[in-house]
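1. Got a predicted structure plus its sequence, pasted below:
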Amino acid sequence: MSPTFRALSVRNYRIYASGSLISNIGTWMQNTAQAWLVLVLTGSGTAIGITVALQLLPTLLLSPYGGVLADRFDKRTVLRVMQIAMAVPSALLGVLAVTGLVQVWHVYVIALVFGVGRALEAPSRQAFVPEMVDAEVLGNAVALNSASFNAGRLVGPGLAGVMIAGFGGGVAGTGWVITINAFSYLAALWALQVMDIDRLTPTPVIGRGKGAVREGVRYVRSRPDLVLVLTCVFFLGGFGMNFQITSALMATQEFGRGASEYGLLGSLLAIGSLTGALLAARRTTPRIRFVVLAGLAFSVVQVVSGLMPTYVTYAIVLPLIGVSVLTMATTANAYIQMTVTPAMRGRVAALYLTVFIGSVPFVAPLVGWVGEHLGARAAVVGTGLVAGLGVLVTTIWYLARRRTGTRREEWRALTADLRSNHGRQAEVQRGRRRRAGLRLPQRRRAPRTVGPRGDRDPADVR
């Protein structure tokens with residue numbers, strides 16, 4: 001089997017990946033249909049932004065608790081429960097839209113509920129992969145998960161558009177597409193149900209108790225390498241994952257293009273993202289330097305894209321942005337899965353999702369404000385510069401910390417060696433004295449001379 005797809009040789013992972021691919025396509029179909037539904041109901045781009053924010057906000061707030069669930073309970077059980085928790089609100093929104101009863105506040109509430117389920121499910125989904133495959137193919141399995149996600153992003157929106165039109169368009173058409181996504185979760189449930197549990201290697205679960213989230217944060221703080229990786233993820237997630245805003249601004253403000261040209265830019269980004277995930281899948285061992293180099297590469301390419309003079313040249317650069325971002329994200333995820341202690345895997349994966357996805361709702365308004373007041377090019381170039389500067393400063397800190405730690409360890413080792421040598425020399429001397437039967441010499445006094453009147457003889461005075 002090709003090195004790019006070697007994890008698929010594992011039966012459990014092959015079944016899991018097939019169910020996840022169907023579910024990913026359905027999720028992207030719902031995202032597209034949901035945005036179109038809000039647009040039909042309100043005609044407002046702000047309303048679409050509110051819907052996206054409500055769906056992503058639980059990732060920021062609840063992912064750490066999802067990590068506790070992943071470490072405290074059987075991950076396969078958590079995943080099965082959460083598939084149902086996401087299918088129910090999708091089905092409800094689909095029925096409301098098909099029957100014509102839907103209102104925009106329904107969409108807001110259901111998007112929030114759906115986001116809660118997704119926030120609690122994602123850490124278990126990330127941490128479940130090492131239980132299905134061996135360490136030799138874990139990096140490949142993580143990369144293929146990212147490839148599946150981006151394949152869904154490539155296929156889902158286009159398929160949703162065709163289906164919405166086929167179902168007559170409008171509110172009812174979006175409702176049928178959203179309902180189809182509700183049924184797509186059955187594929188994920190089927191995969192979790194039929195896999196061979198005897199071939200799984202479940203990690204020990206943690207006991208009940210307070211402070212589990214804080215314990216995960218303390219663990220990350222004790223690992224400078226994880227601090228570096230998560231900080232790079234934060235800067236590229238917050239400032240590099242705003243393609244919907246930056247591409248829309250460049251297409252409309254700078255190049256005067258319409259919706260179809262904007263959609264093409266999204267497809268080009270998805271192609272680059274899929275390529276980056278597949279390239280990462282060929283590497284057997286994720287390394288920190290790939291995370292840093294991919295982050296710096298994104299910064300350079302993002303700045304270059306903001307300086308492109310025409311729509312065509314801008315579009316040509318976009319796949320490179322997708323490659324760099326997904327190379328960074330996939331490598332960072334695989335590094336976390338392969339280096340974190342199993343008891344902490346769920347909580348650290350939750351922190352990864354929090355900084356990668358949860359940062360977007362906070363940074364996105366700032367990027368939009370810069371684009372509105374300073375221009376689209378300023379927004380694109382600015383995000384690239386901030387992301388690159390953040391990655392560079394954090395890398396310098398990490399290298400300085402590692403150098404200081406190395407010197408400290410060397411000094412401790414030298415001091416320990418000196419103490420050990422001194423102790424050995426003292427032990428050798430004591431052994432020699434015992435073997436020779438020697439004792440410490442004692443000072444012997446001269447006999448005291450007394451004169452006729454009881455006085456000491458002058459010669460005895462020293």
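-> Sure, I can see it. Residues are numbered from 1 along each chain as shown.
2. Centroid-nearest residue for the chain?
-> Among the residues of the chain, Tyr352 comes closest to the average C-alpha position under C-alpha atoms, centre = their mean, at 3.2 Å.
3. Show me where this protein dips below the pLDDT cut-off.
-> Within the chain, the segments meeting pLDDT under 70 span 1-2, 45-46, 205-211, 244, 259-260, 262-263, 358, 361, 405-462.
4. residue ranges for the strands of it, please.
-> Ranges of strands within the chain: none, based on DSSP state E.
5. Kindly report the domain assignment for it.
-> What automatic domain parsing lists as the domains of the chain is 9-197, 222-428.
6. In CSV: the ones you listed, plus distance to Gly216.
-> C-beta coordinates here come from the backbone N, C-alpha and C atoms, glycine included. Below are the domains of the chain laid out as CSV (distance: least, C-beta to C-beta, whole Å):
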stretch, distance to Gly216
domain 9-197, 6
domain 222-428, 3
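7. Which of these sits closest to Glu215?
-> Closest to Glu215 of the domains of the chain, according to C-beta to C-beta: domain 222-428, at 7.5 Å.
8. Of the domains of the chain, which is nearest Thr203?
-> Closest approach to Thr203 among the domains of the chain is made by domain 222-428 (3.9 Å; C-beta to C-beta).
9. before we move on, back to that, who's in contact with the residue nearest to the centre of the chain?
-> Tyr352 makes contacts with Gln126, Leu230, Val233, Ala332, Asn333, Ile336, as judged by C-beta atoms under 8 Å, 6 or more residues apart in numbering.
10. Next: Val380.
-> Counting by C-beta under 8 Å, 6+ apart, Val380 touches Thr246, Leu249, Met250, Gln302, Val303, Ser305, Gly306.
11. Hmm, Ala378 and the first one touching each other?
-> No. At 10.4 Å, Thr246 does not count as touching Ala378 under the criterion of C-beta atoms under 8 Å.
12. Common neighbours of the two, please.
-> Gly371.
13. So between these two, which is more surrounded?
-> Thr246 (28 against 14; other C-beta atoms under 10 Å).
14. And the closest residue to the more buried one other than its chain neighbours, how close does it get to Leu249?
-> Among residues not flanking Thr246 along the chain, Val380 sits closest, at 5.0 Å (C-beta to C-beta, 6 or more residues apart in numbering). Between Val380 and Leu249 the computed distance is 8 Å (C-beta to C-beta, to the nearest Å).
15. give the contact list for Leu279.
-> So Leu279 contacts Val323, Thr327 (C-beta under 8 Å, 6+ apart).
16. The same query, at a cut-off of 10 Å, please.
-> Counting by C-beta atoms under 10 Å, 6 or more residues apart in numbering, Leu279 touches Thr4, Ala143, Ala147, Val323, Leu326, Thr327, Thr330.
17. Distance check, the fifth one against Asn24.
-> Same thing as Leu326. To Asn24, Leu326 is 14 Å away according to C-beta to C-beta.
18. Looking at those two, which has the bigger crowd around it?
-> A direct count of neighbours by other C-beta under 10 Å for Leu326 and Asn24 places Leu326 higher, at 28 against 22.
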